[in-house]
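Trainee: sequence and predicted structure, then a few things I'm wondering about:
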Amino acid sequence: MKKSFYRLTLDIAGFIIRIDSEIDFNRFKDLDKLAGFVSEENKHFDCCLTLKSCRPPLPSKKKYHFNPADNWKIFKTNNGFLVEVGVPDKLGEINEVIEFNADYTRGTVYRKKIFELSRYFLDQFIIINLLSRHQGFILHACGLVWNGKGLVFCGRSGAGKSTLLKLFSSEVSSEALLNDDRIAVREYGRQWKIFGTPW
């Protein structure tokens, strides 16, 4: 029997994200995908989240601060931002809402149904937001480390990114194969570094 745990610290693309949960993390189907990103850091974090299983709060006014697509929307509040994630269900309700402070360093994630931890809020918003504030971005690409250098191969779905990574798999260690779908890229000083992601 697994020991219950309700706090998880992740290091993704050099960002430390602490998640405190009302729910035992063993319950999540995608926890094994995050295993390589678990961090022992407990003093510093770039973003601290609290995960709650309940009906999400709704914005008091339906005035969007940012509405890039139908699958998520941002509302300005008195203390920060409210992010609606996903499309409404048949009853017109949203499954997930994240309430952030003004600089996105703290937030509360409200979900009616929770099956996966990292789907939506980690990749689609938090990491992209942190990257954009720290000279970085996510590419639809595969990436690997070759002779001490990071290589990134971009391409649309079906272009051969996964196949290319498989070809390299016999030439490098598994740790050098970063990802075949989403690669984080960040500028450090005068150098660019690439990072694998859980997605």
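Mentor: Perfect, thanks for sending it.

Trainee: kindly list the longest strand within this protein.
Mentor: As assigned by DSSP state E, the longest strand anywhere in the chain is strand 136-146.

Trainee: after that strand, heading C-terminal, what element do we hit next?
Mentor: Scanning forward in sequence from strand 136-146 by DSSP states H and E, the next helix or strand is strand 149-154.

Trainee: so residue 52 makes contact with residue 111?
Mentor: Yes. Counting by C-beta atoms under 8 Å, residue 52 touches residue 111, with 7.4 Å between them. To be clear about C-beta, it is placed using only N, CA and C from the backbone, and glycine gets the same treatment.

Trainee: between those two, which one's more packed in?
Mentor: Taking neighbours as other C-beta atoms under 10 Å, residue 52 and residue 111 compare with residue 111 leading, 22 against 16.

Trainee: the spatially closest residue to that one that is not a sequence neighbour and residue 199: what is the separation?
Mentor: Excluding the flanking residues, the one nearest residue 111 by C-beta to C-beta, 6 or more residues apart in numbering is residue 96, at 4.8 Å. Distance of residue 96 to residue 199, computed by C-beta to C-beta, to the nearest Å: 16 Å.

Trainee: residue 106 too?
Mentor: Distance, residue 106 to residue 199, by C-beta to C-beta: 23 Å.

Trainee: need the contact list for the residue nearest to residue 197 when sequence neighbours are not counted.
Mentor: Leaving aside its sequence neighbours, residue 197 sits nearest to residue 182 (C-beta to C-beta, 6+ apart; 4.8 Å). Counting by C-beta atoms under 8 Å, 6 or more residues apart in numbering, residue 182 touches 123, 138, 139, 140, 141, 197, 199.

Trainee: distance check, residue 21 against residue 78.
Mentor: Going from residue 21 to residue 78 by C-beta to C-beta gives 26 Å.

Trainee: scratch that, residue 92
Mentor: Separation of residue 92 from residue 78 (C-beta to C-beta): 25 Å.

Trainee: cool, and residue 110?
Mentor: Noted for residue 110: a distance of 18 Å to residue 78, by C-beta to C-beta.

Trainee: more crowded one of those two?
Mentor: Shown here are residue 110 and residue 78; by other C-beta under 10 Å, residue 110 has more neighbours (20 against 6).

Trainee: please name the nearest non-neighbouring residue to the more buried one.
Mentor: Excluding the flanking residues, the one nearest residue 110 by C-beta to C-beta, 6+ apart is residue 56, at 3.9 Å.
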